[in-house]
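**Student:** Sequence and predicted structure, then a few things I'm wondering about:
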Amino acid sequence: MAWKFTEDRPIWIQLTEQLTLRIVSGVYAPGAAVPAVRTLAAEAGVNPNTMQRALSELENRALVETRRTAGRTVTEELTLIQQVRHELARGRIQEFLTSMRALGYTEEQARALFAEWKEEIS
């Protein structure tokens with residue numbers, strides 16, 4: 001996954017979101033070591049302090065744990081990971097429906113369009 005940033009929000013928030021996505025999608029598996037701050041910062045092209053802030057936020061959310069000898073690891077709490085994944089998915093659905101309403105579609109029309117698209121790709 002490539003790191004992508006926009007100008008509209010603080011970088012540390014975007015890093016937190018992208019790291020969360022990497023966790024819930026399995027790029028960083030439960031119990032796996034998280035790369036070092038400097039490694040991640042170099043990969044993302046950001047200041048290590050900015051990456052540290054994002055990782056601290058993930059610790060506050062209990063998605064990442066710090067272990068004395070092992071450094072940071074992804075939580076092994078699968079229920080938490082699934083809960084966050086579900087919340088993110090619901091948010092994406094809401095964004096989709098909001099954008100469809102902006103185009104003048106009702107929820108039913110959006111569902112029909114989605115079903116039509118699904119048939120086309122099958």
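**Tutor:** Received the coordinates, thanks. Note that the structure is predicted; figures quoted are calculated from it, not measured.

**Student:** The chain: helices as residue ranges?
**Tutor:** Remark: helices assigned in the chain by DSSP state H are 11-24, 37-44, 48-60, 78-102, 107-121.

**Student:** got those helices as TSV, with mean pLDDT columns?
**Tutor:** As requested, the helices of the chain are arranged in TSV below (pLDDT from 0 to 100):
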stretch	mean pLDDT
helix 11-24	98
helix 37-44	97
helix 48-60	98
helix 78-102	97
helix 107-121	94
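
**Student:** nearest to Arg67, of the ones you listed?
**Tutor:** The closest of those to Arg67 is helix 48-60. By C-beta to C-beta, the value is 11.4 Å. The way it works is simple: take the backbone N, C-alpha and C, and place the C-beta from them, glycine included.

**Student:** Can you lay out the helices of the chain as TSV showing distance to Pro30?
**Tutor:** Formatted as TSV, those follow (distance: least, C-beta to C-beta, whole Å):
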stretch	distance to Pro30
helix 11-24	8
helix 37-44	18
helix 48-60	13
helix 78-102	6
helix 107-121	30
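
**Student:** Figure out which of those helices is closest to Arg72.
**Tutor:** The nearest among the helices of the chain, by C-beta to C-beta, is helix 48-60 at 6.4 Å.

**Student:** quick check: angle from that closest one to helix 11-24?
**Tutor:** 50 degrees (axes from the mean of the first three to the mean of the last three C-alpha atoms, to 10 degrees).

**Student:** So which other helices or strands are in contact with helix 48-60?
**Tutor:** helix 11-24, helix 37-44, strand 64-67 (3 or more C-beta pairs under 8 Å, 6 or more residues apart in numbering; DSSP states H and E).

**Student:** Packed most tightly, which of these would that be?
**Tutor:** Mean neighbour count (mean count of other C-beta atoms under 10 Å) peaks for helix 11-24 among the helices and strands packed on helix 48-60, with a mean of 19.

**Student:** Report the central residue of this structure.
**Tutor:** For the chain, Leu21 is the residue whose C-alpha lies nearest the centre (C-alpha atoms, centre = their mean; 2.3 Å).

**Student:** From Thr106, how far out is that residue?
**Tutor:** Distance, Leu21 to Thr106, using C-beta to C-beta, to the nearest Å: 30 Å.
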